[in-house]
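In: Whatever this is, show me its structure:
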Amino acid sequence: MAWHETHPAQPAATARWPRLGARLAHHLLGGMTSPAQTMRRARAQLFLWMPVALSLGIGLYFGHASEPARLAYAVAFAGLVAALWAWLCGPEAAQFPAAMITLICAGWLLAGARAHAVAAPVLSYRYYGPVEGRVAGIDRASSDRLRVTLDQVHIDARLQPARVRIVLHDMAEAELPAPGTRVMTTAHLMPPPPPAAPQAYDFERASWFNQLGAIGYTRVPLLRAAAPAPQDLGMMAHRIRRNLSQAIQTRIPGQPGAMAAALLTGDRAGLSEATREDMRRSNLAHLIAISGLHMGLLVGFVFAALRYGLALAGRPALLWPAKKIAALVAIAAATGYLWISGASVSTQRAWIMVTVMLLAVLIDRRALSLRTVALAASLLLIWRPESLISPGFQMSFAATTALIVMLKPWSRVARRLPRILRPLAMLVATSVIAGGATAPIVAAQFHRISEYGVFANLLAVPVMGMVVMPAGVIAGLLALIGLSAPALWVMGMGTGWILSVARYFATLEHAVIPVVQPGAAVIPLMVLGALGAVLARGAARSLAFGLVVLSLGLWMRAPVLRPMVLIAPEGELVGLMTQEGRALSKAAAGFVGARWLEADGDAADIARAHARPGFTGPANTRSAQLSGRELHHLTGKGAEDRLRDLCRDNAVIVIRARLKQRPEGCDIWDQKRLRETGAVGLDAQGRIVAQARSGPRLWSR
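Out: Down below sits the predicted model:
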């Protein structure tokens with residue numbers, strides 16, 4: 001008998017492959033639709049593209065090498081008007097591109113307007129003297145010392161900063177004055193420092209948008225000058241939060257109580273630096289900053305408890321709109337949580353997201369959809385355009401978008417699971433999906449990957465959702481009748497478990513994998529590619545995947561592109577790349593050196609990097625070889641005298657001094673030159689390959 005008679009299905013099976021290829025080509029190429037059909041489909045999804053276009057405009061503003069001139073604003077406004085006319089009155093094929101250009105111009109203008117609107121005086125020199133102001137915030141610095149933020153500031157200077165932040169060296173937490181109290185002290189103040197390296201975190205820019213005009217420290221206690229004003233509602237919230245935090249930490253001792261206070265009130269002053277480092281190393285740091293997770297868990301618990309509680313009311317439950325009543329109460333709970341927790345930027349972002357979703361419930365729309373996420377993102381970008389460049393914004397919306405995209409596939413999987421296991425499985429799945437979506441952003445922004453972060457989240461997040469936050473809500477309700485102790489005990493057990501998980505995974509060998517800082521274009525390309533893969537169709541989706549691949553390729557090249565020489569913004573430190581890693585000229589300037597090593601993907605500490613071969617000579621005159629040229633770092637007294645002897649043969653000299661005149665015969669980097677460029681990166685020939693500043697911005701001194 002012939003083969004085809006004994007195997008009749010074989011030709012059909014073989015024919016499936018061409019059909020599969022045809023379907024794949026149809027999907028990638030959009031079914032060869034006409035440009036008009038493509039534009040109509042894109043216009044129907046314009047609402048989803050709105051935050052993307054706004055982000056492009058905002059990103060262009062912050063990516064400017066120098067502050068845009070008035071002419072640039074006029075051109076952007078004219079472009080907005082012209083594009084808006086084409087959007088509303090132009091031909092159908094031009095409406096989607098015109099809408100995108102309109103929103104891009106709007107984003108650019110919004111960012112510029114916001115930067116000018118928050119303008120406040122910034123200290124331009126180092127100051128030592130009396131400081132008086134109102135306590136507006138209390139937290140803990142990375143040195144584990146307490147610090148206060150003062151507003152309504154008065155100092156003995158020509159410019160009065162709107163806000164200053166002071167680290168307290170000799171003051172216990174119990175001695176701190178209540179928020180709203182006017183205090184006075186004697187402090188050392190300085191302007192907010194510029195970035196430690198090109199493309200590093202710009203604290204100077206962040207301070208501008210927070211109206212923080214000076215930072216510093218004091219070694220003397222704070223003296224109370226005036227009691228808090230009772231009519232100040234904003235400070236009343238701060239005082240209530242502080243009192244609640246102290247009450248929680250009294251009933252839950254130790255770091256579990258400090259974490260419980262941070263979750264319920266936003267007061268993280270009780271958390272030690274060791275605890276925060278454990279949370280960072282185990283990828284659980286997101287649990288101690290009130291954000292979308294906490295707001296979602298709280299609102300979800302209130303919404304579900306009230307909705308199912310009303311369902312037990314008997315006959316009235318058939319007449320009442322239980323779902324909408326639960327949504328209204330959940331909005332009130334979210335607003336109260338926002339107010340009592342201090343309304344930080346991350347909490348405001350979370351409140352906007354959950355409020356939009358609950359409003360969708362009230363108008364009978366899907367609460368979890370890409371449209372609600374797009375609306376929340378657009379509102380936040382319009383309100384605070386600077387949020388775009390913060391890691392919190394990027395991670396929050398990356399996680400939320402990924403969860404919504406995966407909601408439909410997960411529902412098909414969940415139906416096959418036993419009903420009793422579905423809540424736990426959902427928490428596990430959300431941890432994995434959200435962790436996967438935010439991992440590239442965490443790696444790019446913080447230059448590290450927690451090797452065991454997925455496992456730590458699998459053990460900690462379910463406890464957070466099923467024990468800690470429900471117990472916190474119940475404790476808040478029972479506190480009205482003085483019976484919160486049992487719920488707080490349960491909450492303390494949950495936070496204790498989370499801290500134990502963090503401590504265990506943080507102390508494992510190779511718990512953190514260093515990651516080299518990517519180029520400036522990597523994150524925008526990666527985000528645009530991911531969003532395009534979600535929102536686009538056909539050939540555009542293929543292009544979006546190409547952007548993701550391109551960004552990963554650029555990231556792979558990052559180690560090759562790291563500068564050979566790094567110079568600190570004040571000339572206080574020089575780093576030379578060697579075969580063993582970056583060698584540091586000094587063991588001081590630990591903060592700047594640590595940022596350099598992190599960006600290099602180097603796990604060494606400051607002492608080890610300083611001990612590497614590369615620099616020689618005494619502490620105030622460090623020398624190295626740079627491709628046939630000498631490299632010198634001069635500090636301390638007499639640096640200018642030593643400069644005259646070393647300035648020869650086109651040597652590269654970094655001097656921590658402000659020279660009135662630079663001698664010829666060498667390439668000198670003094671504080672005056674560095675003030676214009678910021679931190680600088682040089683190649684092996686001493687040429688500039690990167691600098692923190694290319695021109696003046698509103699926030700740069």
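
In: Show me the helices in the stretch 451-600 of the chain, by range?
Out: Counting by DSSP state H, counting those that start in this stretch, the stretch 451-600 of the chain forms helices over residues 453-463, 469-478, 485-506, 522-535, 538-556, 558-561, 590-599, given from the N-terminal end onward.

In: Dump the ones you listed to JSON lines, plus distance to G636 and mean pLDDT.
Out: Backbone N, C-alpha and C define where each C-beta goes, glycine included. Written out in JSON lines, the entries for these read as follows (distance: least, C-beta to C-beta, whole Å; pLDDT from 0 to 100):
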{"stretch": "helix 453-463", "distance to G636": "43", "mean pLDDT": "87"}
{"stretch": "helix 469-478", "distance to G636": "54", "mean pLDDT": "87"}
{"stretch": "helix 485-506", "distance to G636": "39", "mean pLDDT": "93"}
{"stretch": "helix 522-535", "distance to G636": "39", "mean pLDDT": "84"}
{"stretch": "helix 538-556", "distance to G636": "40", "mean pLDDT": "76"}
{"stretch": "helix 558-561", "distance to G636": "33", "mean pLDDT": "76"}
{"stretch": "helix 590-599", "distance to G636": "18", "mean pLDDT": "90"}
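
In: Nearest to M395 among those would be which one?
Out: Ranking those by distance to M395, with C-beta to C-beta as the measure, places helix 522-535 first at 11.2 Å.

In: how far off helix 538-556 does that closest one point, in degrees?
Out: When axes from the mean of the first three to the mean of the last three C-alpha atoms, to 10 degrees is applied, the directions of helix 522-535 and helix 538-556 differ by 160 degrees.

In: other SSEs contacting helix 522-535?
Out: helix 46-62, helix 391-405, helix 422-446, helix 538-556 (3 or more C-beta pairs under 8 Å, 6 or more residues apart in numbering; DSSP states H and E).

In: run the last query once more with 6 Å
Out: With contacts defined as 3 or more C-beta pairs under 6 Å, 6 or more residues apart in numbering; DSSP states H and E, the secondary structure elements packing on helix 522-535 are helix 538-556.

In: backbone phi and psi for N620, please?
Out: With angles defined as degrees, to the nearest 10, N620 sits at phi -90, psi 0.

In: again, but for Y128
Out: The phi/psi pair for Y128 (degrees, to the nearest 10) is phi -130, psi 120.

In: How about the one 5 residues further on?
Out: Comment: the main-chain dihedrals of G133 come out as phi -180, psi 180, following degrees, to the nearest 10.

In: mind checking how far the closest residue in space to R126 that isn't next to it in sequence is from I215?
Out: Sequence neighbours aside, M190 is the residue nearest to R126 in space, at 4.9 Å (criterion: C-beta to C-beta, 6 or more residues apart in numbering). M190 sits at a distance of 6 Å from I215 (criterion: C-beta to C-beta, to the nearest Å).

In: Please say which of the two ends up with more neighbours.
Out: Using other C-beta atoms under 10 Å as the criterion, M190 and I215 rank with I215 on top: 24 against 15.

In: name the element the residue nearest to the more buried one when sequence neighbours are not counted belongs to?
Out: Of all residues not flanking I215 in the chain, R165 sits nearest, at 4.8 Å (C-beta to C-beta, 6+ apart). For R165, the element it lies in under DSSP states H and E is strand 163-168.

In: Could you list the paired strands of that strand along with their orientation?
Out: Taking DSSP bridges as the criterion, strand 163-168 forms sheet pairs with strand 146-155 (antiparallel), strand 212-218 (parallel).

In: circling back: right, and the residue nearest to I215 touches T149 too?
Out: Yes: distance between R165 and T149: 4.9 Å, which falls inside the contact criterion (C-beta atoms under 6 Å).

In: Tell me which of the two has more neighbours.
Out: Residue environment comparison for R165 versus T149 gives the larger neighbour count to R165, 23 against 20, counting by other C-beta under 10 Å.

In: What is the burial count for D645?
Out: Under the criterion other C-beta under 10 Å, the count of neighbours that D645 has is 8.

In: contact partners of the host helix or strand of it?
Out: When secondary structure is defined by DSSP H and E, D645 falls within helix 639-646. Residues from elsewhere that reach helix 639-646, judged by C-beta atoms under 6 Å, 6 or more residues apart in numbering: 621, 632, 634, 655, 657.

In: could you dump that helix to CSV, C-alpha only?
Out: Listed next in CSV are the C-alpha coordinates belonging to helix 639-646 (Å, rounded to 0.1, in the frame of the first residue of the first chain):
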residue,chain,number,x,y,z
ALA,A,639,47.5,73.5,45.3
GLU,A,640,48.0,76.5,43.1
ASP,A,641,51.8,76.5,43.8
ARG,A,642,52.1,72.9,42.9
LEU,A,643,50.1,73.5,39.7
ARG,A,644,52.9,75.7,38.3
ASP,A,645,55.4,72.9,38.6
LEU,A,646,53.1,70.2,37.0
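
In: Give me the mean pLDDT for it.
Out: Confidence over helix 639-646, taken as the mean pLDDT, stands at 88.

In: how about that helix: buried residues?
Out: Residues 639, 642-643, 646 are the ones in helix 639-646 that count as buried (16 or more other C-beta atoms under 10 Å).

In: just those now: which is nearest S207?
Out: Relative to S207, and with distances defined as C-beta to C-beta, the nearest of the buried residues of helix 639-646 is A639, at 29.6 Å.

In: how much does the strand or helix carrying D278 deviate in direction from helix 453-463?
Out: Assigning secondary structure by DSSP H and E places D278 in helix 273-281. Direction vectors for helix 273-281 and helix 453-463, defined by the same axes, to 10 degrees, enclose an angle of 110 degrees.

In: now for whichever helix or strand comes after helix 273-281, which elements pack on it?
Out: Later in the chain than helix 273-281, the nearest helix or strand by DSSP H and E is helix 292-311. Packed against helix 292-311, as judged by 3+ C-beta pairs under 6 Å, 6+ apart, are the following elements: helix 322-340, helix 345-362, helix 469-478.

In: Would you tell me which of those helices gets closest to T102?
Out: The closest of the helices and strands packed on helix 292-311 to T102 is helix 345-362. By C-beta to C-beta, the value is 22.5 Å.

In: other SSEs contacting that closest one?
Out: Judged by 3+ C-beta pairs under 6 Å, 6+ apart, the packing partners of helix 345-362 are helix 292-311, helix 322-340, helix 370-383.

In: Next up, the contacts around the residue nearest the centre of the chain.
Out: Ranked by distance to the mean C-alpha position of the chain (C-alpha atoms, centre = their mean), the top residue is P391 at 1.9 Å. Neighbouring residues of P391 by C-beta under 6 Å, 6+ apart: Q445.

In: looking at this, I101 is in a helix?
Out: Yes: counting by DSSP: H, G, I helix; E, B strand; the rest coil, I101 is found in a helix.

In: what's stretch 400-416 in contact with?
Out: Among residues not part of stretch 400-416, those counted as contacts by C-beta under 6 Å, 6+ apart are 368, 370, 373, 422, 429, 433, 437, 534.
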